[in-house]
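**Student:** Structural data only, the sequence is not supplied:
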């Protein structure tokens, strides 16, 4: 008698092995996606700060946020109303300044309390890079 296929036991073993492999692989893939989102957010925030600094250096003033950077920030475009970088729709990083600080070329970066796990990881990554501070631009500290 000639065998033409697999037995039921062989098929069950293959399905069980594939299930075990999937159970191990899926959480690792989800963690990789979170790591990518954290890296993207950190890069976007650093880019926004650099873009604002370059704009201030070139124009000797800050302008509308959408004119200064291509990074999407929430808010009305005015730095005095603290635009925010959002992660999954939650304000994660605030860009603050005052009228006096605007004239001096200063932007403060702060982290609002969010309660979002991904946002907390983004804030921890940025804090380790010392991003949450006042950034000064324009050479106002130069003395002759």
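**Tutor:** Received it, and whenever you're ready, just let me know what you need. Computed from a predicted model, the values in this text were never measured in an experiment. Residues are numbered from 1 along each chain as shown.

**Student:** just the helices in this structure please.
**Tutor:** 8-59, 65-68, 99-104, 117-128 (DSSP state H).

**Student:** Among those, show the one with the smallest mean pLDDT.
**Tutor:** Of all those, helix 99-104 carries the lowest average pLDDT, namely a mean of 72.

**Student:** Find the centremost residue of the chain, please.
**Tutor:** The centroid of the chain falls nearest to residue 41 when counting by Cα atoms, centre = their mean (1.3 Å).

**Student:** Residue 98 versus residue 30, what's the distance?
**Tutor:** 41 Å (Cβ to Cβ, to the nearest Å). Where you see a C-beta, it was placed from the backbone N, CA and C, and this is true even at glycine.

**Student:** what's near enough to touch residue 62?
**Tutor:** Residues near residue 62 by Cβ atoms under 8 Å, 6 or more residues apart in numbering: 52, 55-56, 68, 79, 97, 102, 105, 107.

**Student:** Residue 127: which of those is nearest?
**Tutor:** Within the contacts of residue 62, the smallest distance to residue 127 is 16.7 Å, found for residue 107 (Cβ to Cβ).

**Student:** surely residue 65 meets residue 74?
**Tutor:** No: in this structure, residue 65 is not within contact of residue 74 by Cβ atoms under 8 Å, at 9.7 Å.

**Student:** which neighbours do the two share?
**Tutor:** Residues touching both residue 65 and residue 74 (Cβ under 8 Å, 6+ apart): residue 83.

**Student:** Which one's more surrounded, these two?
**Tutor:** Shown here are residue 65 and residue 74; by other Cβ atoms under 10 Å, residue 65 has more neighbours (23 against 14).
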